[in-house]
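Participant: Here's my sequence, what's the structure:
(one chain, ligands or ions: 3)
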Amino acid sequence: MADLVSTPASIPLAYPLLSAIHSPADLKKLSLHELELVAAECRKKVIELVSLNGGHFGSSLGVVELTVALHYVYNSPTDRIVWDVGHQAYVHKILTGRLAQMETNRRYHGLAGFPKRSESPHDAFDTGHASTSISAAAGMAAARDLAGRKEKVVAIIGDGSLTGGMAFEAMNHLGDTKSDVLVILNDNQMAISPSTGGLKNYLVNLTLNKTYNRLRKFVWDSISLLNNEIGETAKQAVHRIEDGIKAALTPGAYFEALGFRYFGPIDGHNIEQLTKALREMRQLHHPKLLHVITTKGKGFKPAEDNQPKWHASAGGFDIETGKNINAPGKPAKPKYQEVFGEALVELALKDPTITAITAAMPSGTSLDLFQQAIPSRCFDVGIAEQHAVTFAAGLAAGGFKPVFAVYSTFLQRAYDQLIHDVALQNLHVLFAIDRAGLVGEDGPTHHGAFDLSFLNAVPKLVVMAPGDEQELRNMLYTALYEVKGPVAIRYPRGSGSGATLHKEFTPVPVGKGRILREGKSVALLGIGTMSQRALDTAALLEAAGLDPLVCDMRFLKPLDTEMIDMAAERCTHIVTIEENSVIGGFGSSVVNYLHRAHPGVKCISFGLPDDFVTHGSMEELYREVGLDAKSLSGKILAFYGNKG
Ligand SMILES: Cc1ncc(C[n+]2csc(CCOP(=O)(O)OP(=O)(O)O)c2C)c(N)n1
Ligand SMILES: CC(=O)[C@@H](O)[C@H](O)COP(=O)(O)O
Ligand SMILES: [Mg+2]
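Facilitator: Ligands and ions are numbered 1, 2, ... in the order given. Next up, the predicted model:
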């Protein structure tokens, strides 16, 4: 202990113990009491960090002790520690040599908000989406076994993420392989919102089953005692007794049936219990699941009291009270998600066939408004995007109008369901695709960079993108009442331009764009909010002597070819702008059409690069990908100048 804190007295260290931990190996020298002090410093660091930078919060606070215990018992990076989602990995980053860089967390060119293999050898697997950890761990264990190595593999998955079908698929496979993997179930009864579903009920019952827990403690203590004092045969005998008791009482039977030995539940905030349990786990050479009970937001009262709110924070709060310390700014413009959520409730209150579906994202999609207003027609299916889509298809087949509100990046999960279960049957399912385009600090795992491309290939699907908030209201109405088959509306994270919202809904002509600025010579065709960016760009081009035509194309499918014809007749140069990959999206469709119909017209497409875009503020990222008005106008001037 002494060498860990011996710094000159004149420079008090904010984190005396943490400052001396350069790798998890340093933890192994510490006593139990010191580990507890390390945990306290980690918690303090996470609170300070998020109060400044923003970021995911409650989940990291909930796994402070678990992370300390894991790095104390296991030998990362040789042993592989796989975090599901990865939004809880701040303590892991702190303990694996990144304390000094934590201030850069989620900032442009700084640390990523999720584990990243390129950042540290301790980050065993890149994450951001839920329910992948057990599959990845199973693959790592198979690689280890094939290569004849001996490292341990641990997956840590939350109760919310365990509701994802992939997690079940992985357990079903892994349990049967008999491979040495530890799955830690971090059960806090929360996803972002409270967990839902039969599994949640099952876990609650398991946790509350006092008789079983008393017997389990007895057997557990006996095993520990016997491990120390007598040999393998007696240990096996005790395991058999334990199995017998379990079989009689059936807790953990779900996991046991899949081929896992079930242990727990144990207190996930007690480092002594955790290290003891993990040492036991290390000695077992088959699939096992350790059920750990934690509190999301542990140690920061506001976050414990309102767990959904503190799942993540924008930062700028007082570390004692949680109150916002930023000077109050202008009243915020409504977010796209709010405009959507409110409009949907307005329509659903009048139309009993409208139903709403979320895959564990009621607050992020603003479907919480629907949940409160019409709970019987709102379904939170858990982190289960694939199921959500086919469930929507079933609702549509049964005569209802389902609206699945989902982040663009998470819809990637359900592509087959969208094609096979919805589009192929021409079912009237509405996909409200939020977080389309760049999302900022969450980075490449969360940017909605591909939806225009992957939706473009799906027959029968109508795909639209509002240029502002009022258009979103009207497009929602259009999708519900003017379209009879599958339909998608994609809109971005955050607020729009603050467009005036009209009470009445006006249908948008399907497949028709609108002219935003009359002009000639060069046409800027934007889709979604990039049509506003096209207008800003036009202002810069005008200052440089051009008179651009600007169109908000509104629809990816059906494409407004009449508007493209009009642009091609008036202009020699056509520019497309979209916040989506340049591959396969809006620009591709326009270029294909021009190639066939107007081969003499020059066309250039701007969008996200054929690469994964990093994390950072929106302004930084727009500049990086060249989608800010200044970069666009520069590139368009160069393009237009090259007439020859
Ligand atoms: C496929 C996918 N869908 C949705 C999300 C959004 N999401 C991030 S964390 C989270 C809740 C995870 O709950 P749990 O695994 O229990 O972890 P906890 O937040 O409770 O620590 C959700 C729904 C996601 N990351 N990935
Ligand atoms: C980890 C995760 O997937 C979510 O917490 C996500 O970061 C939320 O994003 P928004 O902040 O855009 O709702
Ligand atoms: Mg949880």
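
Participant: Show me what the mean pLDDT comes to for stretch 608-616.
Facilitator: For stretch 608-616, the mean pLDDT works out to 98.

Participant: And it, what's buried?
Facilitator: Leu608, Val613, Thr614, His615, Gly616 (16 or more other CB atoms under 10 Å). The C-beta positions use only the backbone N, C-alpha and C, and glycine is treated the same way.

Participant: tell me how far the ends of it are from each other?
Facilitator: 15 Å (CA to CA, to the nearest Å).

Participant: ok, residues contacting that stretch?
Facilitator: 106-109, 112-113, 438, 440-444, 447, 449, 579-583, 621, 624-625, 627 (CB atoms under 8 Å, 6 or more residues apart in numbering).

Participant: Just the buried ones from these, in PyMOL syntax?
Facilitator: Of the contacts of stretch 608-616, the buried ones can be selected in PyMOL as follows, counting by 16+ other CB under 10 Å:
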select buried, resi 106+107+108+112+113+438+440+441+442+443+444+447+449+579+580+581+582+621+624+625+627
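
Participant: taking the contacts of stretch 608-616 one by one, which sit in strands?
Facilitator: Among the contacts of stretch 608-616, the ones falling in strands (DSSP state E) are Glu579, Asn580, Ser581.

Participant: Any chance of CSV for the residues you listed, columns pLDDT and distance to ligand 3?
Facilitator: Formatted as CSV, the ones in strands among the contacts of stretch 608-616 follow (pLDDT from 0 to 100; distance: CB to the ion, whole Å):
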residue, pLDDT, distance to ligand 3
Glu579, 98, 32
Asn580, 98, 32
Ser581, 98, 32
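
Participant: ok so Thr576 is a strand residue?
Facilitator: Yes: assessed with DSSP: H, G, I helix; E, B strand; the rest coil, Thr576 lies in a strand.

Participant: doesn't Val590 make contact with it?
Facilitator: Yes: here Thr576 reaches Val590: they are 4.9 Å apart, a contact under CB atoms under 8 Å.

Participant: Which residue does the stretch 351-500 of the chain have closest to ligand 2?
Facilitator: In the stretch 351-500 of the chain, the residue that lies nearest ligand 2 is Gly364 (3.9 Å; CB to the nearest ligand atom).

Participant: Pop out the phi and psi values for that residue.
Facilitator: phi -60, psi -30 (degrees, to the nearest 10).

Participant: Could you list which of the buried residues of stretch 608-616 belong to strands?
Facilitator: Using DSSP E, these in strands are Leu608.

Participant: contacting residues around Tyr622?
Facilitator: Shown in contact with Tyr622 (CB under 8 Å, 6+ apart): Leu438, Asp628, Ser631.

Participant: Could I get the pLDDT score of the second one?
Facilitator: Note for Asp628: predicted pLDDT of 98.

Participant: in stretch 148-164, what's buried?
Facilitator: 151-164.

Participant: Farthest pair within those?
Facilitator: Glu151 and Thr163 (29.0 Å; CB to CB).

Participant: near ligand 1, which residues of this structure show up?
Facilitator: Taking CB under 6 Å from any ligand atom, the part of the chain that reaches ligand 1 is made up of 59, 62, 84-85, 87-88, 129-130, 158-161, 188, 190-192, 296, 359-361, 383, 385, 410, 413.

Participant: Stretch 309-316 spans what distance, first to last residue?
Facilitator: End-to-end distance of stretch 309-316 (CA to CA): 14 Å.

Participant: hmm, who's touching it?
Facilitator: Outside stretch 309-316, the residues that touch it by CB under 8 Å, 6+ apart are 50-59, 87, 190, 192, 296-297, 300, 302-303, 322, 324-326.

Participant: just the buried members of the residues you listed?
Facilitator: Restricting the contacts of stretch 309-316 to buried positions leaves 50-51, 53-59, 87, 190, 192, 296-297, 300, 302-303, 322, with burial counted as 16+ other CB under 10 Å.

Participant: can you tell me which of these are in helices?
Facilitator: Secondary structure from DSSP state H places Val50, Ser51, Asn53, Gly58, Ser59, Pro302, Ala303 of the buried ones among the contacts of stretch 309-316 in helices.

Participant: Looking at the residues you listed, which is nearest ligand 1?
Facilitator: Ser59 (3.3 Å).

Participant: I'd like to check which residues are in contact with the closest one.
Facilitator: Val85, His87, Gln88, Gly158, Lys296, His311.

Participant: taking the contacts of stretch 608-616 one by one, which sit in helices?
Facilitator: Leu621, Glu624, Val625.

Participant: now the first one: how far from ligand 2?
Facilitator: Counting by CB to the nearest ligand atom, to the nearest Å, the gap between Leu621 and ligand 2 amounts to 14 Å.

Participant: which non-adjacent residue is nearest that residue?
Facilitator: Sequence neighbours aside, Leu438 is the residue nearest to Leu621 in space, at 5.1 Å (criterion: CB to CB, 6 or more residues apart in numbering).

Participant: Mind pulling up the pLDDT for that neighbour?
Facilitator: Reported pLDDT for Leu438: 98.

Participant: hang on, it packs against His447?
Facilitator: Yes: contact criterion CB under 8 Å: Leu438 and His447 qualify, at 5.2 Å.

Participant: Could I get the contacting residues of Ala138?
Facilitator: Ala138 makes contacts with Ala170, His173, Leu174, Thr177, Ser179, Val181, as judged by CB under 8 Å, 6+ apart.

Participant: List the contacts of Leu49.
Facilitator: For Leu49, the contact set (CB under 8 Å, 6+ apart) comprises Gly55, Tyr90, Met102, Glu103, Asn105.
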